[in-house]
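In: I would like to see how this sequence folds:
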Amino acid sequence: MKAYVITTGAVFALLTLAHLLRIIMEWPHLAKEPFFLLITVAAGGLSLWAWRCSGSRKVVKRRSASRQPGTSRLSSAFSSVGA
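Out: Reported below is the predicted structural model:
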């Protein structure tokens, strides 16, 4: 999933860059088209969101305090039933 989010962020970043270059080249004409500007801002926002999501995934390993190392969950659950 992380590779998909990074790829999507890169695609939206390239789309935003292309739109910004087109805005620079054709400024007077594109200033009258709010839909084009909206699409550019939306693509930039989606790119930032994808990059932010790809960096925030942290894997945290926790071990239950009630289990002994090397025992399975099932065996520790049944050992407390018989006691």
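
In: neighbours around T7, how many?
Out: By other C-beta atoms under 10 Å, 12 other residues sit near T7. All C-beta atoms are positioned from the backbone trio N, CA, C, and that covers glycine.

In: Over to it. Which of the three states is it?
Out: State at T7, reduced to three classes by DSSP: H, G, I helix; E, B strand; the rest coil: helix.

In: Model confidence for it, exactly?
Out: As predicted, T7 sits at a pLDDT of 90.

In: Same question for C53.
Out: In this prediction C53 is given a pLDDT of 87.

In: Tell me where this protein has helices.
Out: Using DSSP state H, the helices of the chain run over 2-25, 27-30, 34-55, 73-81.

In: Any idea which of these has the lowest pLDDT on average?
Out: The stretch with the lowest mean pLDDT among the helices of the chain is helix 73-81, at a mean of 57.

In: Would you mark the buried spots in stretch 27-45?
Out: Burial within stretch 27-45, assessed by neighbour count using 16 or more other C-beta atoms under 10 Å, is assigned to L30, F36, T40, A43, G44.

In: Contacts for that stretch next, please.
Out: Here stretch 27-45 makes contact (C-beta atoms under 8 Å, 6 or more residues apart in numbering) with F12, A13, L15, T16, H19, L20, R22, I23.

In: Kindly provide the distance from the last one to L15.
Out: According to C-beta to C-beta, to the nearest Å, I23 and L15 sit 13 Å apart.

In: same deal with P34?
Out: Distance of P34 to L15, computed by C-beta to C-beta: 18 Å.

In: Turn the buried ones among the contacts of stretch 27-45 into a named PyMOL selection, would you?
Out: The buried residues among these can be selected in PyMOL (16+ other C-beta under 10 Å) with this line:
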select buried, resi 12+13+15+16+19+23
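
In: Just the closest of the contacts of stretch 27-45 to G55, please.
Out: The nearest member of those to G55, counting by C-beta to C-beta, is A13 at 14.2 Å.

In: Tell me how many other residues surround the closest residue to the closest one other than its chain neighbours.
Out: In this structure, A13 finds its nearest non-sequential neighbour in S47, 4.3 Å apart by C-beta to C-beta, 6 or more residues apart in numbering. The local packing count at S47 equals 20, with neighbours defined by other C-beta under 10 Å.
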